[in-house]
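1. Coordinates for the following, if possible.
(one chain, ligands or ions: 1)
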Amino acid sequence: MPQALSPVASKLTARDRSHLIHPWAEFDTFPSEPLLPIVRAEGAYLYDVDGRRYLDAVGGMWCNNIGAGRADMADAIAEQVRTLSFSNIFVDMTHPAAVELAEKVTSLAPTGLEHVFFSTCGSTAVDTAFRLIQFYQNCRGRTEKKHIIARHESYHGSTYAAQSIAGKAADRIPEFDFIPDLVHHVSAPYDYRRPAGMEGLSERGFVDALVREFEQAIEAAGGPGRVAAFFAEPIMGAGGVIVPPRDYLRRMFEVCRANDILFVADEVVTGFGRVGHWFASEDLYGVQPDLLTTAKGITSGYVPLGATLVSDRVYETISEPGHGRILTTGFTYSAHPVAAAAALENIAILARERLLENAREVGAYFERQLATLLDLPIVGNVRGCRMMQCVEFVRDRETRELFPEEVRIGKVAVSYEDITVNVGPYGRPPGGFLDGEERETNFVFEETTTVEELVEALRTIGLETGMIIHIIKAIDRAGSLYGTLIVQ
Ligand SMILES: Cc1ncc(COP(=O)(O)O)c(C=O)c1O
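-> Have a look, this model is predicted:
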């Protein structure tokens, strides 16, 4: 039997439904499916309104890299609120936290990214990159050079521009409009599900084919004279933790350089430690982006903040004196002092506690252990990089057929002894969370008879060893579970 909601949870749920609109709300099921009211977090654990404890399966939302509820963060934030709770940096204003953070972030960034524009989140960081690219091309008199190439299955955020650049098929629904004409998508470097015609190729052949497709897309958009920028997450996150084949990113970067196309690395997820480096582009892939967007781990989610880093080359062009130019873009909360203070303390913690090194060490172990899930008949593919891992579930390993959407394979909660692992930011599975006797009857894998195997495998990864697991984010439509571990 599903667990009954307590009176407190029921009341909160009813009030929520009356007024609150949820991101990615599924309107058909929203009125009837239970919500999960979380009221407290500490370290890697979340606590619901009824006092149940959950491992934070998603690291917040890929954003918590240092653990929740830290006193050092609370102190730094409180101190900034007492000293300067708000001041803007429009035109000729500034404040010390903004300056210090700009110095810090650019010092950690890939080569050449010496300038930074702060915004409020990943979406506004991407939106800002999009606008800066237009500004840059117009400054150069390249007014025709405006087309953007991105990848299918990419996610870049939720503003109009960011969602238009993003290529996740499931998000391109007919009820929303997207920027027409200007944005084009090429295949993701998705080795497990290669695009038609690329299946049998060697890894090198696969990369060659992807690069060829990119070159063809440039031509189809009107040639290099019309293509402004290429957007890429170094490791694709929301599209299913797609780790590119060796050399792919560098080869795409070389095409960009050869064709005067800006390379934009979207490091909203991969920045600040999740993959064991401050940023992935240069350290993991040898790429020096022209622009880089980041957010999430920059404050570990304590306070919202986004950043768009810009290369010297781009900055020199847009800021060239003598043209009477004004950069008419920005947000009231650009470089918000409290967000800047939170970011500075978060970065100090990541360094002080050697969490990047830790992510590399624990990540290697996590990768090995997660690979053991391949024994399970419903696991088609396990992939990822350090604290960014994904288990892709399939109904049939031979054909790689996904489970039908009704199974909601990703919207699963696993209960093991007194710990519930919350697998998905979207709330409870239809049957409610599982506990003891109820596990068998409610578990959505029931028909696969692999429940215990899966629980056992998860246990060996760390539930019993006490290793902190931030596993698993679900994507229902892609039939994937993501695993992310907190970096601690
Ligand atoms: C790669 C990437 N870019 C941009 C975004 C948007 O960030 P936000 O949700 O903070 O606006 C996300 C969010 O998950 C992301 O994964």
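2. what are the ranges of the helices in the stretch 151-300 of the chain?
-> Chain-ordered helices for the stretch 151-300 of the chain, with DSSP state H, counting those that start in this stretch as the definition, fall at 160-165, 203-220, 248-258, 281-285.
3. Go through those helices and name the closest to Thr124.
-> Comparison of the helices of the stretch 151-300 of the chain against Thr124 by C-beta to C-beta identifies helix 160-165 as nearest, at 8.2 Å. In short, each C-beta sits where N, CA and C put it, glycine included.
4. Give the buried residues for the closest one.
-> By neighbour count with 16 or more other C-beta atoms under 10 Å, helix 160-165 contains the buried residues 161-165.
5. Tell me which other helices or strands that helix touches.
-> Under the contact criterion of 3 or more C-beta pairs under 8 Å, 6 or more residues apart in numbering; DSSP states H and E, helix 160-165 touches helix 122-139.
6. Can you pull the residues of this protein lying near the ligand?
-> For the chain, the contact set with the ligand under C-beta under 6 Å from any ligand atom comprises 121-123, 126, 155-158, 233, 237-238, 266, 268-269, 295.
7. Pick out the lowest-pLDDT one from the residues you listed.
-> Least confident of these in the model: Ala238, at 88.
8. pretty sure that residue contacts Tyr155?
-> Yes: counting by C-beta atoms under 8 Å, Tyr155 is a contact partner of Ala238 at 3.6 Å.
9. Now the common contact residues for these two.
-> Contact with both Ala238 and Tyr155 is made by residues Lys168, according to C-beta atoms under 8 Å, 6 or more residues apart in numbering.
10. Which part of the chain gets nearest to the ligand, residue-wise?
-> Closest approach between the chain and the ligand, counting by C-beta to the nearest ligand atom: Gly122, at 2.2 Å.
11. for that residue, what are its contacts?
-> Contact criterion C-beta under 8 Å, 6+ apart gives 156-157, 162, 266, 268, 293-296, 306 as the residues in contact with Gly122.
12. Take those residues and keep only those in strands.
-> 266, 293-294, 306 (DSSP state E).
13. Strands of the stretch 301-450 of the chain, start to end?
-> 306-311, 379-385, 388-393, 412-416, 419-423 (DSSP state E, counting those that start in this stretch).
14. Of the helices of the stretch 151-300 of the chain, which stretch is the most buried?
-> By mean neighbour count, with neighbours taken as mean count of other C-beta atoms under 10 Å, helix 160-165 ranks first of the helices of the stretch 151-300 of the chain at a mean of 22.
15. contacting residues around the closest residue in space to Thr294 that isn't next to it in sequence?
-> Closest residue in space to Thr294, ignoring its immediate chain neighbours: Gly271 at 3.9 Å, by C-beta to C-beta, 6 or more residues apart in numbering. Under the criterion of C-beta under 8 Å, 6+ apart, the neighbours of Gly271 are 278-280, 292, 294-298.
16. Among those, find me the one that's closest to Glu392.
-> After measuring the contacts of Gly271 against Glu392 - C-beta to C-beta - the closest member comes out as Ala280, at 20.9 Å.
17. Verify the stated contact: that closest one with Val268.
-> No: counting by C-beta under 8 Å, Ala280 stays clear of Val268, with 11.3 Å between them.
18. Just the buried residues of the contacts of Gly271.
-> Under a neighbour-count criterion of 16+ other C-beta under 10 Å, the subset of the contacts of Gly271 counted as buried comprises 278-280, 292, 294-298.
19. if we can go back for a sec, could the buried residues of helix 160-165 go into a markdown table alongside distance to Leu327 and pLDDT?
-> Shown next, in a markdown table, are the buried residues of helix 160-165 (distance: C-beta to C-beta, whole Å; pLDDT from 0 to 100):
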| residue | distance to Leu327 | pLDDT |
| --- | --- | --- |
| Ala161 | 17 | 98 |
| Ala162 | 19 | 98 |
| Gln163 | 24 | 98 |
| Ser164 | 22 | 98 |
| Ile165 | 21 | 98 |
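20. now, which of the residues you listed sits nearest Phe27?
-> Gln163 (18.2 Å).
21. can you pull the pLDDT of Asp418?
-> Model confidence at Asp418, given as pLDDT, is 36.
22. gap between the residue nearest to Arg397 when sequence neighbours are not counted and Leu374?
-> Residue nearest to Arg397 in three dimensions, not counting chain neighbours: Gly380, with 5.6 Å by C-beta to C-beta, 6+ apart. As judged by C-beta to C-beta, to the nearest Å, Gly380 and Leu374 stand 9 Å apart.
23. Of those two, which one has the most company?
-> Gly380 (23 against 14; other C-beta atoms under 10 Å).
24. residue contacts, that one?
-> By C-beta under 8 Å, 6+ apart, the residues touching Gly380 are 192, 392-394, 397, 400.
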